[in-house]
Each structure stands twice: as structure tokens, then as C-alpha cells.
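# build me a model:
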Amino acid sequence: MTVSLNWLPEVAFTFLLIFARVGTLLMLIPALGEPSIPSRLRLTFALALTLVLYPLLSSSLPKPPADLGPLGLLILHEIAVGLILGGITRLIVMATDVAGAIIAFQTGLSVAQAADPNEPGIQGAVIGNFLSMLGITLIFATDLHHLALAAIVDSYKMIAPTDSLMVSDAMQMALRTLTQGFSIGVQMAAPFIVFGLVFNVGLGILGRLMPALQVYFLAMPGNIFVGLLLFAFLLTMIMGWYLTHVQASLAFIGGS
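Numbering: from 1, shown residues only. Prediction:
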């Protein structure tokens, strides 16, 4: 009795083709692809997810080519698709960095810098780092990472391995996501922009009325105290607005 292994090259090729896109996406996608998560854990999860997706996608993927040239081009195509979609998805979470930078500046805490846990080797405002970590935690707590995984599967309907790269469409989507992320970040920090404007105008008027008073020296502790109080009061609303933005953006990318 002989056992045929003629099916093995096709299975290996299909698995590698799926892993090229899935693995690249999981290195960049928000929450699941954070640098704070060990690389080996992300690699293990990518292999496990590829194994799960294999029976779902194998029938729609091309057969392995006879030559190494076309095979390599297909692998590079899938890596490029993963980089494009993962990079665009990464732009979604930049809203917390924008909001954190604005809030830190308006509350007088912009000089309070710490290592960003999501970007090794980069210093960021403490409030911005807190919002980034809180946003990632809430993505897992509200199961929005399931939407990100569904978007990975739907990406094969949007861009098949045999389709050409839609560079122009990808650039437009990246620009739209970047613009929307910055806009959402400003909206999240809008109350603090108003607070900073009113507070500084009030200090200017007080300084004109009492020239001998060291207004800014005395008002700095008050600025920090009121800013942190306002931050604690509005945190639920800010993060709710952020989660709505993440959900809508992931749904748009997955359904495009």
C-alpha cells in the first residue's frame, strides 16, 4: 500500500499564500499587532489564524504555478496587500495620539513625557500614552477585534491574489483615514480646546487688571487641577466617541 503525497505542494502553497497576507496584517493591525505584544505570540496567532482560514479560503485561491517566478510574485503581492491594509488600519488609532497631544498641551502637561508603550524608542505625552493603552483595552473589551478579524477575511473579496494592486484607491483610502483620524482626535479634545481658550483669556484679563500679580505662575497649578478634573469627567464620552470611530472605520475597510 502506497500513500500519495501529491496534494502536499498545493496545500503548502495555499497555506503560505494565506499566511503572507494574514501574517503581515497581524504585524500592523490595531490591538492585535501592537509592538507591546511579543513577536513570537503574534507569529503564533498568525499561524493559528491561517490554519483556521485555510478551509474557508482555499477554494477561492489560485493553484500553485509551475515556475518559481510567478509563485514569488504571488507571495510578494499578498505581502504588499497586507502592508497596505495593515498600514491603513493602523492610521485609525492615531486619533488617541492627536487627542492626547492636544489635551496635554491645554492642561499644561505637554512636558510630562514618557516612553510610548506602543511605539518603542519614542517619547510621548503621558495623557496620550494613557489614551492609547485605554483605547486598545477597550477594543478588546468591546470585541471590536472580532471586526478586525472579519475585515481580514473580507479583504479577499476586495483584493484577490490574482488582482492587480489598486495603488490609487489605497492612497485615497489612506488619505481619507488619516484625515478622519485627525478630525476625530480634534473632536475628542474639543472641550479642552475651549477650556484652554477661556482659561488663558481669563488670565490675560486678570493680568491687565492686576499687573503686579504673577498670574501665570499662580495659575499653573489651577490649570493642571481643572484640566485633570475635566479629563476625568469627560473620559467616558471621549472614549465612547473613539470606539464609534474605530467601529465605523473597520466596517468601512472590511466592506470596501
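# buried residues in stretch 141-158?
Buried positions in stretch 141-158, judged by neighbour count with 16 or more other C-beta atoms under 10 Å: 144, 145, 147, 148, 149, 151, 152, 155, 156, 158. Yep, even glycine has a C-beta here, placed from its N, CA and C like the rest.
# who touches that stretch?
Residues outside stretch 141-158 that contact it (C-beta atoms under 8 Å, 6 or more residues apart in numbering) are 21-22, 25, 29-32, 49, 53, 56-57, 60, 81, 85, 89, 138-139, 243, 246-247, 250-251, 253-256.
# can you select the buried ones among those residues for me in PyMOL?
Entered in PyMOL, the line below selects the buried ones among the contacts of stretch 141-158, by 16+ other C-beta under 10 Å:
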select buried, resi 21+22+25+29+30+31+32+49+53+57+81+85+89+138+139+243+246+250+253+254+256
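# taking the contacts of stretch 141-158 one by one, which sit in helices?
Using DSSP state H, 21-22, 25, 49, 53, 56-57, 81, 85, 89, 138-139, 243, 246-247, 250-251, 253-255 are the members of the contacts of stretch 141-158 that sit in helices.
# okay, strands next: where are they in the protein?
Ranges of strands within the chain are 113-115, 123-125, based on DSSP state E.
# weakest of those by average pLDDT?
For those, mean pLDDT drops lowest on strand 113-115, to a mean of 65.
# list the contacts of residue 108.
If a contact means C-beta under 8 Å, 6+ apart, then residue 108 has 220, 223, 224, 227 as its contacts.
# now the buried members of the residues you listed.
Among these, those classed as buried by 16+ other C-beta under 10 Å are 223, 227.
# now, which of the contacts of residue 108 sits nearest residue 199?
Minimum distance to residue 199 across these is 6.1 Å, recorded for residue 223 (C-beta to C-beta).
# circling back: can I get the contacts of residue 108 in a markdown table with distance to residue 214 and pLDDT?
A markdown table is the format used below for the contacts of residue 108 (distance: C-beta to C-beta, whole Å; pLDDT from 0 to 100):
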| residue | distance to residue 214 | pLDDT |
| --- | --- | --- |
| 220 | 10 | 78 |
| 223 | 14 | 80 |
| 224 | 16 | 83 |
| 227 | 20 | 85 |
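# mind putting the contacts of residue 108 into TSV with distance to residue 16?
Output for the contacts of residue 108, formatted as TSV (distance: C-beta to C-beta, whole Å):
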residue	distance to residue 16
220	59
223	57
224	54
227	52
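# which of the contacts of residue 108 fall within helices?
220, 223, 224, 227.
# state the pLDDT value of the residue lying closest to the second one once chain neighbours are set aside.
I take that to be residue 223. Of all residues not flanking residue 223 in the chain, residue 108 sits nearest, at 4.7 Å (C-beta to C-beta, 6 or more residues apart in numbering). We note a pLDDT of 77 for residue 108 in this prediction.
# same thing with residue 162?
pLDDT for residue 162: 80.
# ok, it touching residue 62?
Yes. Applying C-beta atoms under 8 Å as the test, residue 162 and residue 62 come out as touching, 5.6 Å apart.
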